[in-house]
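**Student:** Have a look at this prediction, sequence included:
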Amino acid sequence: MRKARSGLETNGHILCTANLGLFSPDSGLSQESGSVEQISLRCAEGSLEWLYPAGALRLSLSPRLSTGMAGKGKNPRRITTCIKPSSSFRGAQIYLERDGILELVLSEADVSLRPKVRCFNWLPKEKVALFLQSTLHQDISRRIAAFRYELRGDWNSLTALPFAATGACRPCNDTEILMAICTSDFVIRGNIRTVSNDVEMQESIISVSATRIHRQKFTLFQPVGKYGKSTGSIRTLLRCGVKPGPGSFLFTGWLHFGEAWLSCAPRYKDFRRIYEDAHHAHENPCEVSLD
C-alpha cells in the first residue's frame, strides 16, 4: 500500500502531503479508468492534490495519534476526521467507506456552491477510508481534486467541536472549563475588540486583544502596533450570537485548519472563582498561574 509522499513533524503533529500531479506515475492521466490507487494516510493532518482525476483513490485512515484514544470502559474516545476542499475542487467525488458501505461526503456540486468543512467520527478499532471517485467530463480541461484533512483524537466533547451540530453554543460548565484550560490548543486572557459576522460561511469572527497568553501551540496571537499588544481572531458559529461586551475573558479553544475556534470562554473573574474552589478541594486537573 502506497503512503503519502512526504511528512513533516511540527509541534507534535505529523504533516503530510500527497501530490498526484501531471508527471507523477500516480497522476490521473496514468491511471486506467477502472483502477483504484491505494494510499495510506498515517499523519495527523495534511493535504492531497489529484491532478486530472481518473479511476479512483482509496485513502485508508490509520493515523499515529498519541492521545490515548483507545480509552477504557464502555465509551472509548472517537477519532474525528475533517476534510476541507479547495475552492477549485473539481473532477471527483469523496465518499466515506465504513464497514464496506460507501456514504457520499462531498460532490462537485457541493463545492461549486460553497466549499465547507466536512467532519465525521469513528472508533479507533474501526477500519475507515476515504474513497475518491473520478467523475466523467466530456471536455479535457484542467481539473484538480485537492483538499486538506485533519485527524484528531482529542476532540472528545461537544465543547471542543467547532462544527458540532448541537451543544456548541451552550455555556461550559465548571468541569468543562477546568478541562479546557488543560487540554486546549490555546488559553488566552483578553478582551473582545470587535465581532464580525460572515453570513456566507455562517461564522462569527471575534477580534481579541490579549492581556496574557497562558498557552498557544501555534502563533495565533502576535504583538502588533506601537505598544506591542498581542491580538488575534477566534471563530465560532454564527448561530451562537456572540456580541462584543466589556470585561476580561479567558478564551480557550482548538486550532482547526489553521484557524482558532472557540471552546469555552468564561469571564476571567468566574474562571478564578471556579479554579480556586477546585484548588481548595484538590480537584484541579492541572495548574494555571493566576498572576
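**Tutor:** Perfect, thanks for sending it.
**Student:** got the CA coordinates for the host helix or strand of Gln38 in CSV?
**Tutor:** Element membership for Gln38, per DSSP states H and E: strand 36-41. Taking C-alpha atoms only, strand 36-41 is exported to CSV below (Å, rounded to 0.1, in the frame of the first residue of the first chain):
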residue,chain,number,x,y,z
VAL,A,36,-8.1,2.1,-7.8
GLU,A,37,-4.9,3.6,-6.3
GLN,A,38,-4.3,2.7,-2.7
ILE,A,39,-2.8,5.3,-0.3
SER,A,40,-2.3,5.1,3.4
LEU,A,41,-2.7,8.4,5.4
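**Student:** Identify each buried residue in it, please.
**Tutor:** 37, 39-41 (16 or more other Cβ atoms under 10 Å). C-beta: built from backbone N, CA, C; applies to glycine.
**Student:** Between these, which sits nearest Arg148?
**Tutor:** For these, the minimum distance to Arg148 (Cβ to Cβ) is 11.7 Å, reached by Leu41.
**Student:** thought the closest one was touching Ser60?
**Tutor:** Yes: with contact defined as Cβ atoms under 8 Å, Leu41 counts as touching Ser60 (6.8 Å).
**Student:** strands paired with the helix or strand hosting Gly46, and their directions?
**Tutor:** Element membership for Gly46, per DSSP H and E: strand 45-51. Partners of strand 45-51 in the sheet, by DSSP bridges, are strand 13-20 (parallel), strand 144-152 (antiparallel).
**Student:** Pick out the shakiest of these, pLDDT-wise.
**Tutor:** Here the lowest mean pLDDT among the strands paired with strand 45-51 goes to strand 13-20, at a mean of 54.
**Student:** Low-confidence stretches in the stretch 1-150 of the chain?
**Tutor:** Per-residue confidence for the stretch 1-150 of the chain (pLDDT under 70) gives these ranges: 1-34, 63-76, 112-115, 140.
**Student:** could you redo the last one with a cut-off of 90?
**Tutor:** 1-47, 51-55, 60-82, 87-88, 90, 98-101, 106-128, 135-143, 150 (pLDDT under 90).
**Student:** before we move on, the earlier item: and which of the buried residues of strand 36-41 is nearest Glu287?
**Tutor:** Leu41 (36.2 Å).
**Student:** That closest one bridge partners, please.
**Tutor:** Applying DSSP bridges, one finds that Leu41 bridges with Leu61.
**Student:** Please report the distance of it from Val187.
**Tutor:** 30 Å (Cβ to Cβ, to the nearest Å).
**Student:** same deal with Leu59?
**Tutor:** For Leu59 relative to Val187 (Cβ to Cβ), the value is 34 Å.
**Student:** As a check, name the ranges of all strands in the stretch 151-291 of the chain.
**Tutor:** 186-198, 203-216, 222-224, 229-237, 249-256, 259-262 (DSSP state E, counting those that start in this stretch).
**Student:** Worst mean pLDDT among those strands?
**Tutor:** strand 222-224 (a mean of 75).
**Student:** Need the residues that contact it.
**Tutor:** Contact with strand 222-224 is made by 229-232, as judged by Cβ atoms under 8 Å, 6 or more residues apart in numbering.
**Student:** do stretch 84-93 as well
**Tutor:** With contacts defined as Cβ under 8 Å, 6+ apart, stretch 84-93 is touched by 28, 50, 52-53, 94, 104, 106-108, 111, 115, 117-118, 132-135, 137, 143-149, 257.
**Student:** quick one: buried residues of it?
**Tutor:** Quick answer for stretch 84-93 (16+ other Cβ under 10 Å): 84-85, 89-93.
**Student:** end to end, how far does that stretch reach?
**Tutor:** Its start and end residues considered, stretch 84-93 measures 13 Å (Cα to Cα, to the nearest Å).
**Student:** chain center to that stretch: distance?
**Tutor:** Remark: stretch 84-93 is offset 18 Å from the chain centroid, using Cα atoms, centre = their mean, to the nearest Å.
**Student:** Thank you, goodbye.
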